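Trainee: Here is a sequence together with a model predicted from it:
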Protein chains: 2
Amino acid sequence: MSDPLANWERRKKPATLSRRFDFPDYAATRQFLDELADLSEADNLYPNISFGSTYATLTIEAPEDSGIGEREEGFALKVDGLIGA
Amino acid sequence: MSDPLANWERRKKPATLSRRFDFPDYAATRQFLDELADLSEADNLYPNISFGSTYATLTIEAPEDSGIGEREEGFALKVDGLIGA
């Protein structure tokens, strides 16, 4: 079975999970950011986000005392779900 | 008279105008980002923005063929106006 998070980049020290999303226009970017904000509030998980008019890059950090775990991976999958990919 | 953009950092090559804003909680951060998005749409000016739960850093880039001008500085002042500082 393929890795469901194959589109995300994993780094260590500090442990992060990140992915860049590109959009056709600002309206699509803003819709994604709005839905992402709702997701963050629901899960109480706030990634670092960099964005411009047609892209957004998320970086999910691991909790200080552990690595990337099910909570972070589950959040990443939900983010993928926002764009259907 | 003091520089009205003294809180912004100016860089060259590429020419940018940037400032970090800190907030007491995510609700305040999100409100700022929402108002900033409205401002971007009104002025058709989309800075690069990095944010986490309690901060946002804006970087306004100059147009390719010029430096930071009145349009970018005016936008920065409007952003300051969002937080009353």
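Mentor: Yep, it's here.

Trainee: so what secondary structure elements neighbour the lengthiest helix in chain A?
Mentor: In chain A, taking DSSP state H as the definition, the longest helix is helix A:26-43. When contacts are defined as 3 or more CB pairs under 8 Å, 6 or more residues apart in numbering or on different chains; DSSP states H and E, helix A:26-43 packs onto strand A:48-52, strand A:55-61, helix A:70-83, helix B:26-43. Placement of C-beta: from N, CA and C, glycine included.

Trainee: What pLDDT does the model give the residue nearest to A:A37 when sequence neighbours are not counted?
Mentor: Distances taken as CB to CB, 6 or more residues apart in numbering or on different chains put B:R30 closest to A:A37, at 5.7 Å, once the chain neighbours are dropped. At B:R30, the predicted lDDT confidence score is 97.

Trainee: so where's chain A uncertain?
Mentor: Low-confidence segments of chain A (pLDDT under 70): A:1, A:85.

Trainee: For it, which residues are neighbours of chain B?
Mentor: A:26, A:30, A:33, A:37, A:40-41, A:46-53 (CB under 8 Å from any CB of the partner chain).

Trainee: Please tell me how far the nearest residue to A:E35 once chain neighbours are set aside sits from chain B.
Mentor: Closest residue to A:E35 apart from its sequence neighbours, by CB to CB, 6+ apart: A:L82 at 5.0 Å. Distance of A:L82 to chain B, given as CB to the nearest CB, to the nearest Å: 17 Å.
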